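S.K.: Here is the input, now give the coordinates:
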Amino acid sequence: MALDATRADLTIGVVGTGSMGRGIMQVAAEGGLAVVAYDAAEDAAAKAKEFVGAQLARRVAKGSLAKAEADATLARIAVASSIEELTRAQIVIEAVLERLDLKQELFGRLEGVVAADAILASNTSSLPITAIAAKCKHPERVAGLHFFNPVPLMKLVEVIPGLRTSPTVIDALVIVSKRMAREPVVCTDSPGFIVNHIGRAYAPEAGRILAEGIAEPHEIDRVLTGAPGFRMGPFTLQDLVGADVSVSVMESLLGQFYGEPMYAPQPIQRLRVDGGLYGQKTGAGWYTYADGRKQEPPFRPVPKVLPKSVWVHPSKHHADAVAPLIELFSKSPVTVERGEKPSASALIVICPFGYDISTAAVELGHDVSRAVGVDVMFGLEGTRTLMVTPATSPASRDGAHALLAFDGGPVVVINDSPGFIAQRVVAHIINVSCQIAQRGIAKPADIDKGARLGLGYPLGPLDWGDRIGPDVVCFILDRLHAYYRDPRYRTSPWLKRRAQLGLSLLTPEGRDRAT
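M.R.: Got it, this is the predicted structure:
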């Protein structure tokens, strides 16, 4: 008989009361559910309840929660002295260490405690649900319920069926998630589920850019937190999470996908772990930390000499994106040339999508020593990206830097790269997300929800691809693939077909579309 997840007396068991477990305890109790918390470590569950109480008291002090409501929430949490006390729970959520053998053993014990229709859910972020359930007598009632840290602040929860999980179990967990005021997304049992899978695009591609000597970590962070709008740069994020954790996840996902090039980290990232440079918790990582505060290198000094004239290569395909740059230059004392070709001494500015400046300048027949690139795809807000080639003269580089920064806007100068920094990172995120859709891991709308709520991205990747234009994203990836000959940049069939047909990336496959 299927569990009625709407019943008023529903009780949630929580096993493992560390940071994740106590967060689950809190949101379940706040959702009006009775909670029974158990931890094998003596007094750990009681201390977790005390922690939840302190969190609620803090909100009361700030005036965001009534004291009576806080008291009622805390009263709904009971501390179990033995695992047998979980017998009254209809759903048990485990949040113990990420070890398959440990979880299998725990679920075996729980089967001997809970009722026949009780649901066993794992908060695992990396282990297959199917494998966790494999040694259970009733694998049909085992599923994944993956919360995100810190649980009270992160609204997303991934609901994951194993290969033998009953559909009624997933339906029940979706209802319970909503009762906890979470936003559930359902995905198949696959490495990284949705959120950690999407995340395999951000840090690995940033690592590739770093490894090629295109820019420094702080410069990559500044570019991506600028116009693209990422809340945190990839290297700041790695320092926050810890390089030991971040690189372990990268390598694990790469292995679970049998060496899929899209997810490959760089040796320089593993080197940080080997050197003990984990980030904030060790006081040094990609950045150094003083009293817990990140120390950021200063921007490069802005040169003082402007060029006499500048010529911006006209773009037939991206004229709207280039126009603000021309307007910016027009407000400077520099002459903006309007002819079909640049004069013999003008600074030449190219604003390509997907191309590197070396290739673009040669194919367009420009003097490479006077050629620079400016990324205009995401606009000019925040840090602006100026790209130079090995042949760009220091005078042209410095003149372009002074011109691009003349209004006080911050500028990062980078070495030549197809797709600059932001274009290639965002295109890679969109491509990986399209692969998730292609594999049927999750519905397109849930992929976007996962990225926004689980990763804090400014837009869902598929929505972002639609705004840029699927054909433009395809072009950037094709340029990267043509330049590097690396299968890492091969275009997802999901993306390619929708670009060909002029469809949104959120369009489901033909046989899945409603009539």
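S.K.: Only C-alpha atoms from now on, for both contacts and neighbour counts.
M.R.: Fine.
S.K.: Distance-wise, check Arg467 relative to Val426.
M.R.: For Arg467, the distance to Val426 equals 12 Å [C-alpha to C-alpha, to the nearest Å].
S.K.: Those two: which has the busier surroundings?
M.R.: Val426 (22 against 13; other C-alpha atoms under 10 Å).
S.K.: For the more buried one, report the pLDDT, please.
M.R.: Val426 is assigned 98 on the pLDDT scale.
S.K.: ok, now Ser315?
M.R.: So, for Ser315, pLDDT stands at 84.
S.K.: Next up, the contacts around the closest residue to it other than its chain neighbours.
M.R.: By the measure of C-alpha to C-alpha, 6 or more residues apart in numbering, the closest residue to Ser315 outside its immediate chain neighbours is Val322, 7.3 Å from it. Contact partners of Val322, counting by C-alpha atoms under 8 Å, 6 or more residues apart in numbering, are Ser315, Cys351, Val376.
S.K.: Can you report how many residues lie near the first one?
M.R.: By that I understand Ser315. Neighbour number of Ser315 under other C-alpha under 10 Å is 14.
S.K.: Tell me the secondary structure of it, please.
M.R.: Assigned by DSSP: H, G, I helix; E, B strand; the rest coil, the conformation of Ser315 is coil.
S.K.: Tell me how far it lies from Leu364.
M.R.: Computed as C-alpha to C-alpha, the Ser315 to Leu364 distance reads 12 Å.
S.K.: before we move on, what about the last one?
M.R.: Relative to Leu364, Val376 is positioned 19 Å away (C-alpha to C-alpha).
S.K.: Also Glu105?
M.R.: Counting by C-alpha to C-alpha - Glu105 and Leu364 are separated by 65 Å.
S.K.: picking up where we left off before, could you check which of Val376 and Leu364 is surrounded by more residues?
M.R.: Between Val376 and Leu364, counted using other C-alpha under 10 Å, the more crowded position is Val376 (24 against 11).
S.K.: got a list of what that one touches?
M.R.: Ala321, Val322, Leu325, Cys351.
S.K.: Find the least confident helix or strand in the chain, judged by mean pLDDT.
M.R.: Ranked by mean pLDDT, DSSP states H and E, the helix or strand of the chain with the weakest confidence is helix 243-256, at a mean of 91.
S.K.: Does anything pack onto that one? Which helices or strands?
M.R.: Helices and strands touching helix 243-256, by 3 or more C-alpha pairs under 8 Å, 6 or more residues apart in numbering; DSSP states H and E, are helix 267-274.
S.K.: how about the helix it packs on: buried residues?
M.R.: Neighbour-count burial for helix 267-274, counted by 16 or more other C-alpha atoms under 10 Å, picks out Gln269, Arg270, Arg272, Val273.
S.K.: Would you mind measuring from the residue of the chain positioned farthest from its centre to Pro297?
M.R.: Each residue of the chain has a distance to the centre, and by C-alpha atoms, centre = their mean the biggest one is for Ala344: 45.8 Å. Distance, Ala344 to Pro297, using C-alpha to C-alpha: 37 Å.
S.K.: what do you get for Leu156?
M.R.: From Leu156 to Pro297 the distance is 35 Å (C-alpha to C-alpha).
S.K.: can you check Gln500 too?
M.R.: For Gln500, the distance to Pro297 - C-alpha to C-alpha - is 44 Å.
S.K.: Can you spell out which helices and strands pack onto the strand or helix carrying Trp494?
M.R.: Under the criterion of DSSP states H and E, Trp494 resides in helix 493-501. Using 3+ C-alpha pairs under 8 Å, 6+ apart as the contact test, the elements touching helix 493-501 are helix 422-438, helix 470-484.
S.K.: okay, and for the protein, where does confidence drop off?
M.R.: 1, 515 (pLDDT under 70).
S.K.: distance of His146 from Thr389?
M.R.: Distance from His146 to Thr389, by C-alpha to C-alpha: 46 Å.
S.K.: Can you give the domain ranges for the chain?
M.R.: Segmentation of the chain into domains, based on automatic domain parsing, reads 11-189, 197-291, 309-415, 422-505.
S.K.: will you turn the ones you listed into TSV that also has distance to Val302?
M.R.: Shown next, in TSV, are these (distance: least, C-alpha to C-alpha, whole Å):
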stretch	distance to Val302
domain 11-189	40
domain 197-291	15
domain 309-415	6
domain 422-505	22
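S.K.: Go through those domains and name the closest to Asp512.
M.R.: Proximity to Asp512 (C-alpha to C-alpha) singles out domain 422-505 among the domains of the chain, at 10.2 Å.
S.K.: Enumerate every residue touching Tyr278.
M.R.: Asp239, Gly242, Ala243, Asp244, Arg272, Ala284, Gly285.
S.K.: right, and the pair among those residues with maximum separation?
M.R.: Farthest apart among the contacts of Tyr278 by C-alpha to C-alpha are Asp244 and Ala284. That separation is 12.6 Å.
S.K.: secondary structure element for Met232?
M.R.: Secondary structure (DSSP H and E) places Met232 outside all helices and strands.
S.K.: mind checking how far Pro150 is from Glu94?
M.R.: 16 Å.
S.K.: okay, these two: which has more neighbours?
M.R.: A direct count of neighbours by other C-alpha under 10 Å for Pro150 and Glu94 places Glu94 higher, at 26 against 13.
S.K.: Pretty sure the more buried one sits against Ser122.
M.R.: Yes. Counting by C-alpha atoms under 8 Å, Glu94 does reach Ser122; the two are 5.1 Å apart.
S.K.: and the host helix or strand of Ala360, which residues are buried?
M.R.: According to DSSP H and E, Ala360 maps onto helix 357-364. Across helix 357-364, burial judged by 16+ other C-alpha under 10 Å covers Ile357, Ser358, Thr359, Ala360, Ala361.
S.K.: swap in stretch 216-236?
M.R.: Within stretch 216-236, the residues that qualify as buried by neighbour count (16+ other C-alpha under 10 Å) are 216-230, 232-236.
S.K.: And the helix ranked longest in the chain, what does it pack against?
M.R.: Taking DSSP state H as the criterion, the chain has its longest helix at helix 44-62. Helix 44-62 is packed against helix 19-30, helix 67-75, strand 77-79, with contacts defined by 3+ C-alpha pairs under 8 Å, 6+ apart.
S.K.: outside of it, which residues touch it?
M.R.: Counting by C-alpha under 8 Å, 6+ apart, 16-18, 22-23, 25-26, 37-39, 65-67, 70, 74, 77, 79-80 sit against helix 44-62.
S.K.: tell me the contacts of Val176?
M.R.: Contacts of Val176 by C-alpha under 8 Å, 6+ apart are Ala5, Thr6.
S.K.: hang on, it in a helix?
M.R.: Yes. Membership of Val176 in a helix is supported by three-state DSSP.
S.K.: mind listing what the helix or strand containing Val186 pairs with, with the direction of each?
M.R.: For Val186, the host element (DSSP H and E) is strand 183-186. Applying DSSP bridges, strand 183-186 is found paired with strand 156-161 (parallel).
S.K.: Report the distance from the strand it pairs with to the chain centre.
M.R.: Using C-alpha atoms, centre = their mean, to the nearest Å, the mean C-alpha position of strand 156-161 is found 16 Å from that of the whole chain.
S.K.: what does that strand rub up against?
M.R.: Strand 156-161 has contacts (C-alpha under 8 Å, 6+ apart) with 129-130, 142-148, 167, 170, 173-174, 177, 182-189, 193-194, 450, 453-454.
S.K.: Recalculate using a threshold of 6 Å.
M.R.: Strand 156-161 is contacted from outside by 143-147, 182-189, 453-454, using C-alpha atoms under 6 Å, 6 or more residues apart in numbering.
S.K.: How about stretch 191-206?
M.R.: Outside stretch 191-206, the residues touching it (C-alpha under 6 Å, 6+ apart) are Ser126, Pro234, Tyr263, Pro265, His428, Ile429, Ser433, Gly450.
S.K.: can you check stretch 137-153 too?
M.R.: 23, 119-123, 133, 154, 157-162, 164-166.
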